[in-house]
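Return a 3D structure for these sequence lines:
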Amino acid sequence: MLIDKFDPLKEQMVQILDQDGNHKEDMLPAEMTDEVVKEMYEKIWYVRLCNDRAFKMQRSGRLGTFASVKGHEACQLAVNLALKKTDWVVPYFREQAIMWDHGVPMENIYLYWKGNEWGSHIPEGVKCLPPSVPVGSQMLHAVGISWAAKMRGEDEITATFFGDGATSEGDFHEAMNFAGVFKTGTIFICQNNQYAISVRRNIQTASKTIAQKAIAYGVPGLLVDGNDPFAMFAATKEAAERARKGEGPTLIEAYLYRFDDHTTSDDASKYRDESEVEQWRPRDAVIRMQKYLAKKGLWSEKYQEELIESLKPKVEEMVKKIDEHPDPTVDDIFGYTFAELSPEMERQKEYLKKSLGQ
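Modelled structure (predicted):
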C-alpha cells in the first residue's frame with residue numbers, strides 16, 4: 001500500500017516512471033499494459049493539439065480567455081483511468097483532459113471559454129460538473145456529492161481537482177474537515193504546478209508539502225510525481241479502493257508544472273524565468289512516455305509524425321463545431337440559474353430582449 005510506504009511529512013514522493021523512461025518493475029500497475037500506455041500517450045497529444053489550437057483561436061478573437069492544460073494532461077488521464085464512468089469528476093478550470101476523457105465533448109469545454117452557455121452542458125449520463133472558476137468552491141460540491149452517494153448506499157465516488165493556491169482557501173479546509181469526519185468517498189487531487197497564479201508555492205503556504213495538510217483532518221495524504229502517469233494511476237486506484245470500502249477520503253498532491261501562462265490573459269515571464277521552464281521540460285510526461293515506449297519498440301519518429309497527422313482532422317472537426325455553434329441568446333443568460341424566474345428577472349429579460357431587438 002502506497003499510503004503505508006510513503007510519508008508526506010518526510011517529503012517522500014511516489015514515482016514509478018522517471019524522466020529517462022525507466023520504471024520500477026515492482027511498482028508498475030498490472031493495468032498499465034503497452035496498449036493502455038500507448039493509448040494514453042495518443043490521448044495526451046490530442047488534448048495538447050486541441051489546447052494549442054484553442055490558443056490560436058483566442059489570439060484571433062474567436063475564443064475568450066482560457067487556461068492551458070499543458071503539463072497536466074497525463075496526471076488527469078491517469079486519474080480517470082482509475083475511476084469508473086459512474087464516478088463523479090468535479091473540476092476547476094484546467095481539467096480539459098479528464099473532462100473530455102470522462103465524456104464531455106471537447107467542443108463543449110472550449111465553448112465554455114467562448115462565453116456560450118452550451119459549454120456548461122453535460123451530456124446525459126456523464127457524471128461531471130462544469131468548470132469552476134471561483135478558487136476552491138468545487139471541493140465543497142465534491143464532498144456534498146460523495147456524502148449524498150454514501151447516504152444512498154451507492155458505489156460511486158468523487159474526484160475533485162484544485163491547484164496548490166486553493167489549499168490556502170477556507171473552502172479547502174472546510175471540505176477536508178467534513179470529508180474526514182463523515183468519511184466521504186472523496187479523492188482530493190491537488191495539481192501542484194508550483195504557482196498560485198503568479199505566487200510561488202513556498203510563499204503562499206509554509207507547509208513543506210501539500211499532502212501533509214491532510215494529517216490535520218485524519219485523512220491520508222500522498223505526494224506523487226504528477227508527471228508520472230503510472231504513479232498517478234497507482235495512487236488514485238488505491239484512493240478509490242479505500243473510498244469504495246467506506247474508509248473515507250484521500251488527498252493526493254500531484255507534483256507537476258504548468259508550462260504555459262496561468263491563462264491567456266497572464267504573462268508568466270513577469271514572475272518566472274524561461275530557464276526555470278526549460279529545467280522542467282525533461283520531466284514532461286509526454287517525453288517520459290515517449291522514451292518508455294521507444295525502449296519497448298513502440299515509438300519512432302515515423303509513428304509520431306503519423307500520429308500528429310491523424311489527429312489534425314479531429315482537432316479541426318472540434319474547431320468547426322465551435323465556430324458553427326449558435327451564439328448564445330438572452331434566454332441563455334437567464335435560463336440556467338433558477339427553475340423559475342422571479343417577476344423582476346422576467347421583466348429584466350424582456351427589457352434586454354427589447355433593447356437588443358430580439
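
Bridge partners for Ile252, pull those for me.
Under the criterion DSSP bridges, Ile252 forms beta bridges with Ile189, Leu222.

so who does it touch?
Counting by C-beta atoms under 8 Å, 6 or more residues apart in numbering, Ile252 makes contact with Ile187, Phe188, Ile189, Cys190, Ala211, Gly221, Leu222, Val224, Met232, Ala235, Thr236, Ala239. No exception for glycine: its C-beta is placed from N, CA and C like everyone else's.

and with 10 Å instead?
The contact partners of Ile252, by C-beta atoms under 10 Å, 6 or more residues apart in numbering, come to 2, 14, 75, 79, 159, 187-191, 210-211, 214, 220-224, 226, 231-232, 235-236, 238-239.

What about these, which are in strands?
Val14, Ala159, Ile187, Phe188, Ile189, Cys190, Gln191, Gly221, Leu222, Leu223, Val224 (DSSP state E).

just the buried members of those?
The neighbour count (16 or more other C-beta atoms under 10 Å) marks Val14, Ala159, Ile187, Phe188, Ile189, Cys190, Gln191, Gly221, Leu222, Leu223, Val224 as buried among the ones in strands among the contacts of Ile252.

Pull up the gap between the closest residue to the fourth one other than its chain neighbours and Asp332, please.
The spatial neighbour of Phe188 that comes closest, neighbours along the chain excluded (C-beta to C-beta, 6 or more residues apart in numbering), is Leu251 at 4.5 Å. Leu251 sits 37 Å away from Asp332, taking C-beta to C-beta, to the nearest Å as the criterion.

who has more neighbours, these two?
More neighbours surround Leu251 than the other of Leu251 and Asp332, with 28 against 15 (other C-beta atoms under 10 Å).

So that one is in contact with Thr186, correct?
Yes: under the contact definition of C-beta atoms under 10 Å, Leu251 touches Thr186, with a separation of 9.3 Å.

Give me the buried stretch members for stretch 37-47, please.
Using 16+ other C-beta under 10 Å as the test for burial, stretch 37-47 gives Val37, Lys38, Met40, Tyr41, Lys43, Ile44, Trp45, Tyr46, Val47.

and which of these is nearest Gly103?
Distance to Gly103 across the buried residues of stretch 37-47 (C-beta to C-beta) is lowest for Lys43, with 13.4 Å.

and the closest residue to His262 other than its chain neighbours, what does it touch?
Excluding the flanking residues, the one nearest His262 by C-beta to C-beta, 6+ apart is Ile197, at 4.9 Å. Shown in contact with Ile197 (C-beta under 10 Å, 6+ apart): Val135, Gly163, Gly165, Gln204, Arg258, Asp261, His262, Thr263, Asp266, Ala268, Tyr271.

Tell me which stretches of this protein form helices.
Assigned by DSSP state H, the helices in the chain fall at 2-5, 34-59, 73-82, 96-102, 106-113, 137-152, 170-182, 201-204, 229-244, 274-280, 285-295, 301-324, 330-334, 343-356.

Just to check, Tyr41 is in contact with Lys296?
No: contact criterion C-beta under 10 Å: Tyr41 and Lys296 do not qualify, at 11.6 Å.

Neighbours of Met27, how many?
For Met27, using other C-beta under 10 Å, the count is 15.
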